[in-house]
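Turn this into a model:
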Amino acid sequence: MEDLSLHILDVVENSIRAKAENVKIKLCENTPEDLFMLEISDDGEGMDDSTKRRCMDPFYTTKHGKDTGLGLSLLAQSFEEAGGKLVVRTEKGKGTSVTATCRMSHIDRRPLGDIDGTLRCLRATHPEINFSYEFVKINNG
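Model (predicted):
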């Protein structure tokens, strides 16, 4: 995936498949600390320990009829290429939070892409879901 808006769409679709009613998307650009952060959290089913251990494996998926689950592994790769990491926090019955961070100035950081279009698409196709979006920009001075 060439930009982060497509990664966001993929992860949020996973949240919806996990029966989330509320999905929060937060982006933060922190220039003084040279930090970029993406966080997507939901109140869906969450993952059991076995699924959590394997959720980053591109050859594992919980989707019926599929052989691969590339979403989280590709998102992790995108952030690792920009000097960062991805952390998944989840608990069965309590939802999931995916937090990816990297250096904001890294030459390999993916562009944001069409965040507005992604959010409009999600809201139009899933009106039953409560979406929250926050963009935080911290500059010098």
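
did I read that right, residue 109 in a helix?
No. Remark: residue 109 does not belong to a helix; assigned using DSSP: H, G, I helix; E, B strand; the rest coil, it is coil.

so it makes contact with residue 80?
No. Between residue 109 and residue 80 there is no contact under C-beta atoms under 8 Å: 11.2 Å. The way it works is simple: take the backbone N, C-alpha and C, and place the C-beta from them, glycine included.

shared neighbours of these two, which are they?
Shared contacts of residue 109 and residue 80, defined by C-beta atoms under 8 Å, 6 or more residues apart in numbering, comprise residue 102.

so what's residue 103 up against?
Per C-beta under 8 Å, 6+ apart, neighbours of residue 103: 34-36, 82-84, 109.

Show me where the protein has its strands.
22-30, 35-42, 85-91, 95-103, 130-138 (DSSP state E).

quick one on the thing from earlier: which residue of residue 109 and residue 80 possesses the greater neighbour count?
The neighbour count for residue 109 versus residue 80, taken as other C-beta atoms under 10 Å, is higher for residue 109 (18 against 14).

Distance of the more buried one relative to residue 29?
Per C-beta to C-beta, to the nearest Å, residue 109 is found 10 Å from residue 29.

if we can go back for a sec, distance to residue 52 and mean pLDDT for the strands of the chain - can I get that in a markdown table?
Output for these, formatted as a markdown table (distance: least, C-beta to C-beta, whole Å; pLDDT from 0 to 100):
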| stretch | distance to residue 52 | mean pLDDT |
| --- | --- | --- |
| strand 22-30 | 19 | 98 |
| strand 35-42 | 14 | 98 |
| strand 85-91 | 5 | 95 |
| strand 95-103 | 9 | 97 |
| strand 130-138 | 24 | 97 |
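
Since that was my last question, I'll sign off now.
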